[in-house]
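A.B. asks: turn this into a structure:
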Amino acid sequence: MVLIFTKFLHEFGSYLTFLKNMFTKPENSKMYWKEFMHQCMEIANGALFIVIIISFFLGAVMTIQTAYQLVSPLIPATTISMIVRNTLMLELSPTVICIVLAGVIGSKMASELGNMSVSEQIDALEIMGLNPRNYLVLPKLLACLLIIPMLIVISCVVGIWGGRVAGDMMGIIPGNIYDLGLRSSLEMFDVVFMILKAISFAFVIGSVSCFFGYRVKGGSFEIGRASTTSVVVICIMILILDYVISAMLL
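C.D. replies: Numbering: from 1, shown residues only. Model (predicted):
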C-alpha cells in the first residue's frame, strides 16, 4: 500500500512538472496558431459524429425510461422532459460523453505523441531549440478546452431533441407538452454547471493523454500501453472530478 501511494505521488509530481514546463511563452505565434487550429479541426472532425449519435439515443432512452417510471396520473407529463433536460445537462452529456471522448480523443493524442517520442521527433525539436512540451502539447490542450465544451453543448441539445422525437413517435408525450416542460423551471446555474464540468473534463483529457504519450520509450507495444493507460486514468479522474464538483456546487 505504501509503495502504491509513493508511486502515485511520484507520478502526480511528474504530471505537475509536465504542466509547468508546458506553459511557456510561444516562440512563434503564427506557428502555434496554425497548430492550434489544426488540432481544433482534428478533434471536431473525429468526435462530432459519435457525439451526435450517442447523445440522440441517450435522450431517447431517457424519455422512454422516465415515462415508464412516472406512472402516477398525479404527475404532469411535463415532468418527463424536465427530468430528461436536467439529467442530460447535469450528468449524462458532460460525464458520459467525456468518457467516450477519452477513448476517441485521448487515445489518439497519446498515440500521436508516443509515436513522435519513439521516432525521436521530440528529440529533434529539442535540438532545434524549441520547447516540445509547449509546441506539441499546449495547442492540443487549448483545442480540447475550446472544442470539447462545444461538443458537450451540442450533445445536450441533440439529446433533448432525441428525447422529443422518441416521446412523440411512441406516443409517450406530445411535442408541445415536451417543449412546455423544457421551458419550466430552467435554471441558468445548470447551464453554467454543465460548462464547468465540460471544461474540467476537457483539461483532464488533453493533459493526461499528452502526459502519457510524451513519456513513451521503446516501441509500438509501449505506445499501445500508454494509450490504454491514459484512457483508464482519464476515466477514473473524470469520475472523481464529477463527484468533487457535484459535492461542492450542488
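A.B. asks: ok, and for stretch 223-235, which residues are buried?
C.D. replies: Of the residues in stretch 223-235, those buried by neighbour count under the rule 16 or more other C-beta atoms under 10 Å are 223, 226-227, 230-231, 233-235. Any C-beta I mention is one placed from the backbone N, CA and C, and that applies to glycine too.
A.B. asks: so which residue is smack in the middle of this structure?
C.D. replies: Closest residue to the average C-alpha location of the chain: C98 at 2.9 Å, with C-alpha atoms, centre = their mean.
A.B. asks: surely that one and I205 touch.
C.D. replies: Yes: C98 is within contact range of I205, at 6.6 Å (criterion: C-beta atoms under 8 Å).
A.B. asks: the residue nearest to the centre of the chain: which element?
C.D. replies: The secondary structure element spanning C98 is helix 97-101 (assigned by DSSP states H and E).
A.B. asks: the helix or strand just after that helix: which residues count as buried?
C.D. replies: On the C-terminal side of helix 97-101, the closest following helix or strand by DSSP H and E is helix 107-118. Across helix 107-118, burial judged by 16+ other C-beta under 10 Å covers 107-114, 116-118.
A.B. asks: what's next to helix 107-118, contact-wise?
C.D. replies: In this structure, residues lying in contact with helix 107-118 by C-beta atoms under 8 Å, 6 or more residues apart in numbering are 42, 46, 122, 136-137, 140, 206, 209-210, 212-220, 222-224, 226-228, 230-231.
A.B. asks: and stretch 214-224, what's buried?
C.D. replies: Going by neighbour count (16+ other C-beta under 10 Å), the buried part of stretch 214-224 is 214-216, 223.
A.B. asks: where do the helices of this structure begin and end?
C.D. replies: Read by DSSP state H, the chain holds these helices, from start to end of the chain: 2-22, 29-69, 78-87, 97-101, 107-118, 121-127, 132, 138-169, 175-182, 188-214, 220-249.
A.B. asks: format those helices as CSV; extra columns: mean pLDDT.
C.D. replies: Below are the helices of the chain laid out as CSV (pLDDT from 0 to 100):
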stretch, mean pLDDT
helix 2-22, 77
helix 29-69, 90
helix 78-87, 90
helix 97-101, 94
helix 107-118, 88
helix 121-127, 78
helix 132, 78
helix 138-169, 93
helix 175-182, 88
helix 188-214, 92
helix 220-249, 90
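A.B. asks: distance between the ends of stretch 119-139?
C.D. replies: Between the opening and closing residues of stretch 119-139 we find a distance of 21 Å, counting by C-alpha to C-alpha, to the nearest Å.
A.B. asks: and the contacts of it?
C.D. replies: Identification of contacts with stretch 119-139 by C-beta under 8 Å, 6+ apart yields 18, 21-24, 26-27, 31-32, 35-36, 38-39, 113, 116, 207, 210, 214.
A.B. asks: give the ChimeraX command for selecting the buried subset of the residues you listed.
C.D. replies: Taking 16+ other C-beta under 10 Å as the burial criterion, the selection of buried members of those in ChimeraX is written as:
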select :18,22,26,32,35,36,39,113,116,207,210,214
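A.B. asks: so who does I245 touch?
C.D. replies: Applying C-beta under 8 Å, 6+ apart to I245 gives the contacts 193, 196-197, 200.
A.B. asks: those residues, buried ones only, as a ChimeraX selection?
C.D. replies: In ChimeraX, a selection of the buried entries from those looks like this (16+ other C-beta under 10 Å):
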select :193,197,200
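A.B. asks: what's the most distant pair in the contacts of I245?
C.D. replies: For those, the farthest-apart pair by C-beta to C-beta is F193 and S200; their separation is 10.8 Å.
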